[in-house]
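# give me a model of this one.
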Amino acid sequence: MSLIVQKYGGSSVADAESIRRVAKRIIDTKRAGNDVVVTVSAMGDTTDELIDLAHEITPIPDPREFDMLVTTGERISMALLAMAIKSMGYDARSYTGSQAGMLTTSNHGDARIVDVTPGRIRTALDEGAIAIVAGFQGVSPDTKDITTLGRGGSDTTAVALAAALGADKCEIYTDVDGVFTADPRIVPKARKIDALSSEETLELAASGAKVLHIRAVEYARRQGVTLVVRSSFTNDPGTIVYHPDRAEEFPVEEATIAGVAHDLSQAKITVVGVPDVPGSAAAIFGLVAEQGANIDMIVQNVQTQNDGVTDISFTLPKAYADAVTRAIEGAHERLGYEQLRLDDQIGKVSLVGAGMRSNIGVSSTLFEALRDAGINIDMISTSEIRISIVTRADLVPDAARAIHAAFGLDGESEAVVYAGTGR
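Coordinates of the predicted model:
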């Protein structure tokens, strides 16, 4: 008997009809002779509505109470799904994150999983029941408070349960048929990928692809969990995300390019006229770190017209841009720079593929495609299997489509998005 963990996103359980459809799919998996553990997100846009409600009450909600509020969405989903399964003649038991043994750090809003003790889940399985776990949440063993794992944390919940239970696979159900070569919402001719290494998937997720949460991919790779990304609206087999050590099990010729990802969630800060002396960059990025912001790209250019000064540009999440700008402005006299610029109308487009290691000409094809599309580049960043460019936000869809076509990734027909939320 196999053990399968399934995760259903908000678009898959958006209403009563959707919940009944998901319940039938879970029962079919059980009938096939499998033990089944399910993780669910909140219904539809419930989490966003709860967040809006909190901010109607107070502009800065208390972190502990905020976590208590937003975790109610997943509890509604899990209870309704258990009811649906029971109404169809199968035993199902719902559990909150804390009841399922999801132990986390005490950081409200962005907690990390430190251990999983799924004793109650294992008991339910042993007694023939389907276990349903609220995603996105856990409990801190230090404070005994409810915590949340951050947006997209239900993916991480599912992977963590799969690892702790020794599941044969973890199926992530969403509103598209798998991982695509680009977001079908902006590149209609994107093609579904049948199998993808966790290395490439991690780069795609880090570059803005939203079909899988980056922390879930990291967890799966570290723990050796096999992921399958599928649609809850069809019976398509989806995309298998495998650990690189299992590459021999997927004997298809490795494509040069796996896909194109885009990200509109970042801003660019440029510090103009920074003294070109040791310690200047350390002082700037020390201030950035104090605000809790993660830096993505960094470019430093020595000014040719002024000796002894340099310009430093970097990108970071928009949510941190104002705080970082204020911190650098507050240290103007100490840092000795000439000017500070903030640009929140940028976007990033990334080309990802393990085949870059052994294929020449990837960069030239990329830049020729952007040139032909009239796309100007602000910044460039590379890794062993990724090239990212920053351009104007309104040019991102055109850039993604141009790159996608240039590398022969376009399919013959348009991809189908069944719900439209992306999760």
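
# got a pLDDT number for residue 254?
At residue 254, the model reports a pLDDT of 56.

# roughly how far does residue 350 sit from residue 297?
Taking Cβ to Cβ, to the nearest Å as the measure, residue 350 and residue 297 are separated by 11 Å. C-betas here are computed from N, CA, C, even on glycine.

# ugh, wrong one, residue 12
In this structure, residue 12 lies at 34 Å from residue 297, with Cβ to Cβ as the measure.

# again with residue 91
Taking Cβ to Cβ as the measure, residue 91 falls 51 Å from residue 297.

# higher neighbour count, these two?
Of the pair residue 91 and residue 297, residue 297 is the one with more neighbours under other Cβ atoms under 10 Å, namely 18 against 14.

# torsion angles phi and psi at the more buried one?
Main-chain dihedrals, residue 297, degrees, to the nearest 10: phi -110, psi 150.

# I'd like the numbering to begin with 45 instead of 1 from here.
Taking 45 as the first residue, the last one we looked at is residue 341.

# OK, contacts around it?
Contacts for residue 341 (Cβ atoms under 8 Å, 6 or more residues apart in numbering) come out as 357, 358, 359, 392, 423, 425, 432, 434.

# nearest to residue 164 among these?
Within those, the smallest distance to residue 164 is 42.3 Å, found for residue 392 (Cβ to Cβ).

# helix/strand/coil for that closest one?
strand (DSSP: H, G, I helix; E, B strand; the rest coil).

# got a pLDDT number for it?
96.

# my read: residue 369 touches residue 313, true?
Yes: if you go by Cβ atoms under 8 Å, residue 369 and residue 313 touch, sitting 6.5 Å apart.

# can you give me the helices in the stretch 195-344 of the chain?
Taking DSSP state H, counting those that start in this stretch to define them, one finds helices in the stretch 195-344 of the chain at 197-209, 242-250, 258-267, 324-334.

# chain center to the second one: distance?
How far helix 242-250 lies from its chain's middle: 10 Å, per Cα atoms, centre = their mean, to the nearest Å.

# which residue lies nearest the spatial centre of the protein?
Geometric centre of the chain, nearest residue: residue 257, 2.6 Å, by Cα atoms, centre = their mean.

# next one, pLDDT for it please.
Among the per-residue scores, residue 257 shows a pLDDT of 86.

# how close does it sit to residue 216?
From residue 257 across to residue 216, the span is 9 Å (Cβ to Cβ).

# mutual contacts of the two, please.
Common neighbours of residue 257 and residue 216 are listed as residue 199 (criterion: Cβ under 8 Å, 6+ apart).

# which ones are touching residue 223?
236, 237, 240, 245, 248, 253, 255, 256, 273, 283, 285, 303.

# same thing but 7 Å
Taking Cβ atoms under 7 Å, 6 or more residues apart in numbering as the contact definition, residue 223 lies against 237, 240, 245, 255, 273, 283.

# could you report the distance from it to residue 265?
Relative to residue 265, and taking Cβ to Cβ, residue 223 is found at 15 Å.

# thinking again about what came up before, among the contacts of residue 341, name the ones in helices.
Per DSSP state H, helices hold no members of the contacts of residue 341.

# for residue 246, give its distance to residue 264.
With distances defined as Cβ to Cβ, the gap from residue 246 to residue 264 amounts to 9 Å.

# neighbours of residue 89, how many?
Residue 89 has 15 neighbouring residues, counting by other Cβ under 10 Å.

# rewinding a little: want to throw the helices of the stretch 195-344 of the chain into JSON lines with distance to residue 418?
Output for the helices of the stretch 195-344 of the chain, formatted as JSON lines (distance: least, Cβ to Cβ, whole Å):
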{"stretch": "helix 197-209", "distance to residue 418": "37"}
{"stretch": "helix 242-250", "distance to residue 418": "26"}
{"stretch": "helix 258-267", "distance to residue 418": "31"}
{"stretch": "helix 324-334", "distance to residue 418": "33"}
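
# indicate which one of these is closest to residue 459.
By Cβ to Cβ (comparing all of the helices of the stretch 195-344 of the chain), the closest turns out to be helix 242-250, at 15.6 Å.

# OK, contacts around residue 401?
Taking Cβ under 7 Å, 6+ apart as the contact definition, residue 401 lies against 428, 429.

# residue 274 too?
For residue 274, the contacting residues are 215, 217, 222, 280, 282, taking Cβ under 7 Å, 6+ apart as the criterion.

# which one is it nearest to, not counting chain neighbours?
With Cβ to Cβ, 6 or more residues apart in numbering as the criterion, residue 274 has its nearest non-adjacent residue at 3.4 Å, and that residue is residue 282.

# and residue 260, by the same measure?
Sequence neighbours aside, residue 199 is the residue nearest to residue 260 in space, at 3.6 Å (criterion: Cβ to Cβ, 6+ apart).

# next one: the one you found from residue 421, what distance?
From residue 199 across to residue 421, the span is 32 Å (Cβ to Cβ).

# okay, these two: which has more neighbours?
Comparing residue 199 with residue 421 by other Cβ under 10 Å, the one with more neighbours is residue 199, at 31 against 14.

# so that one sits against residue 258, correct?
No: counting by Cβ atoms under 7 Å, residue 258 is not a contact partner of residue 199; they are 9.1 Å apart.

# rewinding a little: could I get the contacts of residue 274 as JSON lines with pLDDT?
Compiled in JSON lines, the contacts of residue 274 are given as follows (pLDDT from 0 to 100):
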{"residue": "215", "pLDDT": "97"}
{"residue": "217", "pLDDT": "94"}
{"residue": "222", "pLDDT": "91"}
{"residue": "280", "pLDDT": "91"}
{"residue": "282", "pLDDT": "93"}
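
# tabulate the residues you listed (TSV), appending neighbour count.
What follows is the contacts of residue 274, written out as TSV (neighbours: other Cβ atoms under 10 Å):
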residue	neighbour count
215	23
217	24
222	24
280	13
282	23
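
# which of those sit farthest apart?
Checking the contacts of residue 274 against each other with Cβ to Cβ, the farthest-apart pair comes out as 215 and 280, at 12.0 Å.

# count of residues packed around residue 308?
Counted with other Cβ under 10 Å, the burial measure for residue 308 works out to 14 neighbours.
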